[in-house]
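1. predicted model, plus sequence, below.
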Amino acid sequence: MFEDRERFFSRLSTIAGLQLMPSLGGWILVCVEDPSDLARKVNRRTEPGTISVPRQVKSAVRIPVCSPKENEHLFAVIREVMELRAGNVRRVVG
């Protein structure tokens, strides 16, 4: 699990607009502009509640660390949403 988490953390750090924060356990905490919008758009493309917005941390979302396959799918969805928000309309997830 630790190796999967580190790999997922590293992959997420390549997405423009995400600021990853030191995190422990099965979640990665990410600061992002308009976290509710990101969570809503990602959750529409995945299972509802996949990404949550913690009340205690301003401008952040919590991203779960799952299996390598699930992490890769979630990475692709988050990357697509962030690119669409930035104005790139390239669709990367089918």
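-> Alright, I've got the coordinates.
2. which of the three states applies to R85?
-> Look at R85: counting by DSSP: H, G, I helix; E, B strand; the rest coil, its state is helix.
3. distance check, it against P35.
-> Distance from R85 to P35, counting by Cβ to Cβ, to the nearest Å: 12 Å. To be clear about C-beta, it is placed using only N, CA and C from the backbone, and glycine gets the same treatment.
4. those two - which one has more neighbours?
-> Taking neighbours as other Cβ atoms under 10 Å, R85 and P35 compare with P35 leading, 20 against 16.
5. which parts of the protein are helices?
-> For the chain, the helices defined by DSSP state H cover 2-12, 35-45, 68-86.
6. quick one: list the elements packing against the first one.
-> This points to helix 2-12. Judged by 3 or more Cβ pairs under 8 Å, 6 or more residues apart in numbering; DSSP states H and E, the packing partners of helix 2-12 are strand 27-31, helix 68-86.
7. just name the most buried of these.
-> Highest mean neighbour count among the helices and strands packed on helix 2-12 (mean count of other Cβ atoms under 10 Å): strand 27-31, with a mean of 19.
8. tell me where the model's unsure across this structure.
-> 1, 88-94 (pLDDT under 70).
9. at 90 what do you get?
-> 1-5, 22-25, 56-58, 85-94 (pLDDT under 90).
10. turn the helices and strands packed on helix 2-12 into a markdown table, columns for distance to I51.
-> Shown next, in a markdown table, are the helices and strands packed on helix 2-12 (distance: least, Cβ to Cβ, whole Å):
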| stretch | distance to I51 |
| --- | --- |
| strand 27-31 | 9 |
| helix 68-86 | 8 |
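11. so for S59, which of these sits nearest?
-> Taking Cβ to Cβ, strand 27-31 is the member of the helices and strands packed on helix 2-12 nearest to S59, at 5.3 Å.
12. T46: which of the helices and strands packed on helix 2-12 is closest?
-> helix 68-86 (5.8 Å).
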